[in-house]
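K.L.:
next comes the sequence, and after it the predicted model I'd like to discuss.
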Amino acid sequence: MNYWLLKSEPSAFGYEDLERAPDRRTLWDGVRNYQARNILRDDITVGDLAFFYHSACKEPAIVGICRVTRTGIADPSAFDPASDYYDPASDGENPKWITIEVEAVSALRPIIKLKDMRQDSALKDMVLLNRSRLSVQPVSETEWHHIMAQTKAV
DNA sequence: GCCAACGTTGGC
DNA sequence: GCCAACGTTGGC
């Protein structure tokens, strides 16, 4: 089992939205960065856990945990001309953008703020703190447990 | 294949 | 709203 971090802008889709979604699940669609896509397609497996991170907001932070429930899904938004994420280069025969489905596991209290993570030497190698723009990124087992020791699932 | 121009992300 | 970092595009 591996650990990941998924970024989302809460103004578009926050952790609360995942908890309210049907079956507490959603398709992680709209990723249009090749490195993030490759992680979604090649590295993430069903049952993996991921931090749900709120970006581009007042208090950037890890706010919850989700679990991967499906993988290898052709991103339907790429086929939809009405979608912001439409990509005519992707078609059903040869889908270019592959995504996953995730399920809410738990909110975290307290949330783990980016500014506190920056101060934590145990987290200095976290991808989040070094390659901050990558929207799907790995978290080491050590980092995962270090962060979970500072908060509680609620 | 290089790299300048340009677009996007996301913290502040 | 600014701007640094960095990804993508496209001319050569």
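P.N.:
Received it, and whenever you're ready, just let me know what you need.

K.L.:
how many other residues sit next to the closest residue to DNA strand C within chain A?
P.N.:
When scored by Cβ to the nearest atom of the strand, chain A has A:Tyr34 as its residue closest to DNA strand C, at 4.3 Å. C-beta here means a position set from N, CA and C on the backbone, and glycine is covered the same way. Counted with other Cβ atoms under 10 Å, residues neighbouring A:Tyr34 total 11.

K.L.:
also A:Ile100?
P.N.:
27.

K.L.:
so which strand or helix has it?
P.N.:
strand A:98-113 (DSSP states H and E).

K.L.:
quick one: the residue of chain A positioned farthest from its centre from DNA strand B, how far?
P.N.:
Computed with Cα atoms, centre = their mean, the residue of chain A farthest from its C-alpha average is A:Glu93, at 26.5 Å. Noted for A:Glu93: a distance of 26 Å to DNA strand B, by Cβ to the nearest atom of the strand, to the nearest Å.

K.L.:
now swap in A:Asn130 and tell me
P.N.:
12 Å.

K.L.:
same check on A:Phe79?
P.N.:
To DNA strand B, A:Phe79 is 19 Å away according to Cβ to the nearest atom of the strand.
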